[in-house]
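Peer 1: Just need the structure, nothing else, for what follows:
(one chain, ligands or ions: 1)
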Amino acid sequence: MPGFIDEAVEQYAKEHSEAPDALLRELTEITYAQAKSPGMQVGPLEGAFLRMLVRLTHAKRILEVGTFTGYSALCMAEGLPADGELITCDRDEKVLPIAESFFRRSPHGHKIKIERGDARQTLAKLKGPFDLVFLDADKESYLDYYEKALPLLKTHGLIAADNTLWSGKVLNPQEESDHAVVRFNAHVAKDARVEKVVVTLRDGVTLAWKK
Ligand SMILES: C[S@@+](CC[C@H](N)C(=O)[O-])C[C@H]1O[C@@H](n2cnc3c(N)ncnc32)[C@H](O)[C@@H]1O
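Peer 2: Alright, predicted model coming up:
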């Protein structure tokens with residue numbers, strides 16, 4: 001997601017944050033070499049932020065919507081205790097083998113379980129409670145994911161939704177995905193069930209804390 005936050009400022013922030021380990025750096029290389037749209041990966045700064053969220057919330061059970069090649073899942077799994085669990089959903093069989101191969105190599109990979117198929121159907125059958133939910137799949141379904149995830153979230157659990165500033169396109173929405181993010185943001189903003197903040201990290205991350 002390049003070009004939204006000043007690149008030099010973002011680089012400075014990365015240099016003064018926890019650096020990705022060798023496995024995450026290799027995953028980035030492989031993703032850029034092999035996957036379409038590698039910029040979908042959350043990357044080192046947001047990855048460190050997500051791991052920090054897991055630690056701060058003492059999450060033991062996490063739901064992720066949007067695995068891709070597994071970067072965010074690996075970051076969050078590292079923040080989990082040894083008996084923690086992260087369920088991650090994706091339907092793209094071209095990228096999931098990459099994620100699986102890195103989960104196998106990570107000392108935290110045993111905490112991660114992949115749910116294959118359309119996440120809208122997966123969420124309808126999952127059982128809660130989860131401590132933390134990370135939404136990072138198709139923007140057109142964000143509202144649906146949010147409404148399905150909220151009942152699965154424990155009281156005082158946290159939803160983090162990625163890309164909620166959508167490269168600034170929320171200010172002048174043109175395409176359907178732009179409008180979907182605008183609708184999602186408006187919905188969360190007036191949702192009295194949660195306390196919320198839009199964090200201007202990378203492409204925007206909304207945190208919604210369930211009251
Ligand atoms: C932005 S990427 C996720 C990036 C990932 N969190 C990371 O850090 O590498 C979005 C992913 O959502 C998946 N996706 C989109 N729509 C989906 C759906 N309806 N069901 C399941 N997965 C979906 C795509 O296949 C893609 O891999």
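
Peer 1: dump the residue contacts of Leu27.
Peer 2: Contact partners of Leu27, counting by Cβ atoms under 8 Å, 6 or more residues apart in numbering, are 41, 69-71, 74, 98, 102. For the C-beta atoms, the positions are set from N, CA and C on the backbone; glycine is no exception.

Peer 1: same thing but at 10 Å, please
Peer 2: 20-21, 41, 47, 69-71, 74, 98-99, 101-102, 105-106 (Cβ atoms under 10 Å, 6 or more residues apart in numbering).

Peer 1: Also Ala35?
Peer 2: Per Cβ under 10 Å, 6+ apart, neighbours of Ala35: 41, 68-69, 92, 94-95, 98.

Peer 1: Leaving out the residues flanking it, which one is nearest to Lys36?
Peer 2: What sits nearest to Lys36 in space, not counting adjacent residues and going by Cβ to Cβ, 6 or more residues apart in numbering, is Lys94, at 7.8 Å.

Peer 1: And that neighbour, how far from Ala149?
Peer 2: Going from Lys94 to Ala149 by Cβ to Cβ, to the nearest Å gives 25 Å.

Peer 1: Compare the two (neighbour count), which wins?
Peer 2: Ala149 (24 against 10; other Cβ atoms under 10 Å).

Peer 1: Return the residues in contact with the more buried one.
Peer 2: Contacts of Ala149 (Cβ under 10 Å, 6+ apart): 63, 65, 119, 123, 126, 128, 130, 133-135, 157, 159, 161, 208, 210.

Peer 1: Next: Thr28.
Peer 2: Counted by Cβ under 10 Å, 6+ apart, Thr28 has contacts 20, 38, 41, 43-44, 47, 69, 71.

Peer 1: can you dump the C-alpha coordinates of the host helix or strand of it into PDB?
Peer 2: According to DSSP states H and E, Thr28 maps onto helix 22-34. Presented in PDB, the C-alpha positions along helix 22-34 are these (Å, rounded to 0.1, in the frame of the first residue of the first chain):
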ATOM      1  CA  ALA A  22      14.500 -13.600   9.100                       C
ATOM      2  CA  LEU A  23      11.400 -15.800   8.400                       C
ATOM      3  CA  LEU A  24       9.200 -12.700   7.900                       C
ATOM      4  CA  ARG A  25      11.800 -11.100   5.700                       C
ATOM      5  CA  GLU A  26      11.900 -14.300   3.600                       C
ATOM      6  CA  LEU A  27       8.100 -14.400   3.400                       C
ATOM      7  CA  THR A  28       8.100 -10.800   2.100                       C
ATOM      8  CA  GLU A  29      10.700 -11.800  -0.600                       C
ATOM      9  CA  ILE A  30       8.800 -14.900  -1.700                       C
ATOM     10  CA  THR A  31       5.500 -13.000  -1.700                       C
ATOM     11  CA  TYR A  32       6.900 -10.200  -3.900                       C
ATOM     12  CA  ALA A  33       8.500 -12.900  -6.200                       C
ATOM     13  CA  GLN A  34       5.400 -15.200  -6.500                       C
END
